[in-house]
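[1] got a predicted structure plus its sequence, pasted below:
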Amino acid sequence: MQGPLFDSFAGRGLSRRGFLKYCATLASLLALPPSAGRAMAEALAAARRPSVIWLPFQECTGCTESITRSHTPTIEGMIFDMVSLDYQETLMAAAGHQAEQALAKAVEDNKGKFLLIVDGSVATGLEGAYSCIAGKTNLALLKELAPHAAAIVAMGSCASYGGIPKANPNPTGAVAVSDIVKDKPIVNIPGCPPIPVVMTAVLAHFLTFGRLPELDRLGRPKAFYGETIHDRCYRRPFYDQGKFAKTFDDEGARNGWCLFELGCKGPVTYNACAHVKWNDHTSWPVESGHGCLGCSEPDFWDAGSFYKALSMPANPLKTVVPAAAVGVAAGVAVTWYNRSHKAAARKAHETAGVADLEK
């Protein structure tokens, strides 16, 4: 096993066995079969470190803060071993004219090959003048660089959907990356902020297979956004038993009962928080005692009402979702716990859920 990328790993003390184990872990995270781990190892070993250009638009630096806490691999491991991070304003040593020269050189040397990461929404108001870098609007910069990228990663809910900057009244005319770029492969990694290991796995998949992983209809990797948080939540058994915390400090809350009635949006939120967790698998919001805010779903901020329960059955073993709410034929009803109806549940969220949240 040899090649530029493997040599880089080996130079930092990673054995062949350790490299194979690392690739098997990435394959598992992406829900690929065991054989994919070896295929990934062979491809990654021979690959050259790809150029990555990261553009910060209308954002809060939360996505960067999140990825600096990556543990599989660490951010320094990713920068030095997996990719050539040629432009990232927060992490790069260069500044000012030197930084912009590095950006221009990275684009020129890697046309058609570099990965373009964008975090933050794109301001379109006043022809993009609300947000600029080095005298160029974010809008102009995206239009300039996107045609030369191999693929684009929209990092975080702002880049994926417009996020908080797009929330009513949206004074800057904020939009998602996909609203501007129509002719390039785009993967959305939403979350406010997103889970860092998702970025690592998506990058490894691209290096191995030369394409983005399987995506859902919102452009998200199915391996991480294929199930609701509710599906994998450790509090789910209490939901099925009809045991709910009524306040954040009552006996039910102390016993770990379901937070559905306190406004948890887990049943309509697709993400991997419940099983991947945060900070080296330490914890996640629901485990820390707070309901899910639904931050990886479109327009979550405008939906609001974080402490208002959704209009969904409190006891799925006894209650059914009205057919009208899920867009199926009149008179048909389904139980919420039946996972074969996830598509219907998603439809319910789109057609009726947001209105429910605003009550």
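    Structure received.

[2] for stretch 152-163, what is the distance to the chain centroid?
    Offset of stretch 152-163 from its chain centre (CA atoms, centre = their mean, to the nearest Å): 8 Å.

[3] quick one: mean pLDDT for it?
    Averaged across stretch 152-163, the pLDDT comes to 96.

[4] what about that stretch, how long is it end to end?
    17 Å (CA to CA, to the nearest Å).

[5] and the residue positioned nearest the centre of the chain, bridged to which residues?
    Centroid check for the chain by CA atoms, centre = their mean gives I189 as the closest residue, at 2.7 Å. Legend: beta-bridge partners of I189 under DSSP bridges are M155.

[6] let me know the pLDDT of it.
    If you check I189, the pLDDT there is 95.

[7] quick one, what contacts it?
    Contact analysis of I189 by CB atoms under 8 Å, 6 or more residues apart in numbering lists V153, A154, M155, G156, S160, V198, M199, V202, R220, P221. For glycine as for every other residue, the C-beta is placed from the backbone atoms N, C-alpha and C.

[8] any idea which of those residues has the most stuff around it?
    Most neighbours among those, by other CB atoms under 10 Å: M155, with 32 neighbours.

[9] residues contacting stretch 162-170, please?
    So stretch 162-170 is in contact with 58, 120-121, 123, 156-158, 172, 174-176, 179, 192, 298-299, 301-302, going by CB under 8 Å, 6+ apart.

[10] ok, the residue nearest to the centre of the chain to V202 distance?
    7 Å (CB to CB, to the nearest Å).

[11] any common contacting residues for those two?
    V153, P221.

[12] measure A94 to Q101 for me?
    8 Å.

[13] do the same with G294
    41 Å.

[14] make a PyMOL selection of the buried ones in the contacts of stretch 162-170.
    Applying 16 or more other CB atoms under 10 Å to those, the buried members can be selected in PyMOL as follows:
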select buried, resi 58+120+121+123+156+157+158+172+174+175+176+192+298+299+301
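
[15] among the contacts of stretch 162-170, name the ones in helices.
    If you go by DSSP state H, the contacts of stretch 162-170 have S157, C158, W301, D302 in helices.

[16] which one of the residues you listed sits closest to H230?
    Nearest to H230 among the ones in helices among the contacts of stretch 162-170: S157, at 18.9 Å, using CB to CB.

[17] isn't the closest one up against L293?
    No - counting by CB atoms under 8 Å, S157 does not reach L293; the two are 10.7 Å apart.
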